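1. what's the 3D shape of this:
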Amino acid sequence: VLTDPIFICGATLANYLSLPSVFFMRGLPCNLHYVATQCPSPLSYVPRIFTFNSDHMTFFQRVENALISLLELQYCNDYYKDALKLSSEVLQRDVSLTDIFNSASIWILRFDFVFEYVRPVMPNMVFIGGINCAQKK
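-> Numbers count the residues shown, from 1 in each chain. Model (predicted):
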């Protein structure tokens, strides 16, 4: 099943039918695409989105980074609350966001590795940068 995981319906359908899923996306909120694939993402090195920090952070920026990651977790749980309830009903078991997302066979990421912070990624994560670029005039 080729799907965009921002909407959990495709991932839920793939889990329900026991089919392999391919996620084609720009990124998930709260770094769920790294959490679900079990990529290391240390808070002391990888800045969170909207902090505008670099990978060389001061102590207070690291504390800010950790606090924002906790807020992101609450935000994502609230954002996906209804979708998780629907997925739990369809799959007839309690599921979490990582249960839904870690079943993907391949993650096709629509951003360029060069522009992201250097971090290890799993072998099933494929970067295809430049696909969202408009043609020059």
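
2. which SSE is Val105 in?
-> Quick fix: residue 105 is Ser, not Val. If you go by DSSP states H and E, Ser105 is part of strand 104-109.

3. so what strands line up beside that strand?
-> Take DSSP bridges as the rule and strand 104-109 pairs in its sheet with strand 21-25 (parallel), strand 125-127 (parallel).

4. how about low-confidence regions in the protein?
-> Applying pLDDT under 70 to the chain flags the ranges 115-118, 130-137.

5. do that again at 80, thanks
-> Applying pLDDT under 80 to the chain picks out residues 27-29, 41, 43-46, 48-51, 54-55, 73, 111-120, 129-137.

6. CA atoms of the helix or strand hosting Thr98 as CSV?
-> In the assignment (DSSP H and E), Thr98 maps to helix 97-101. Below are the C-alpha coordinates for helix 97-101, written out as CSV (Å, rounded to 0.1, in the frame of the first residue of the first chain):
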residue,chain,number,x,y,z
LEU,A,97,1.4,5.8,16.9
THR,A,98,4.6,3.8,16.8
ASP,A,99,2.6,0.6,16.4
ILE,A,100,0.9,2.0,13.3
PHE,A,101,4.0,3.6,11.8
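
7. may I see the buried residues of it?
-> 97, 99-101 (16 or more other Cβ atoms under 10 Å). Heads up, the C-betas are built off the backbone N, CA and C, glycines and all.

8. the closest residue in space to Thr3 that isn't next to it in sequence: what's it in contact with?
-> Nearest residue to Thr3, sequence neighbours excluded (Cβ to Cβ, 6 or more residues apart in numbering): Gly10, at 2.6 Å. When contacts are counted by Cβ atoms under 8 Å, 6 or more residues apart in numbering, Gly10 touches 1-4, 21.

9. could I get the helix or strand Gly10 falls within in PDB with only the CA atoms?
-> Assigned by DSSP H and E, Gly10 belongs to helix 8-17. What follows is helix 8-17, C-alpha atoms only, in PDB (Å, rounded to 0.1, in the frame of the first residue of the first chain):
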ATOM      1  CA  ILE A   8      -3.300   7.100   9.400                       C
ATOM      2  CA  CYS A   9      -6.000   5.500   7.200                       C
ATOM      3  CA  GLY A  10      -3.600   4.000   4.700                       C
ATOM      4  CA  ALA A  11      -1.300   2.600   7.400                       C
ATOM      5  CA  THR A  12      -4.300   1.200   9.300                       C
ATOM      6  CA  LEU A  13      -5.600  -0.500   6.100                       C
ATOM      7  CA  ALA A  14      -2.200  -2.000   5.400                       C
ATOM      8  CA  ASN A  15      -2.100  -3.400   9.000                       C
ATOM      9  CA  TYR A  16      -5.600  -4.700   8.700                       C
ATOM     10  CA  LEU A  17      -5.000  -6.500   5.500                       C
END
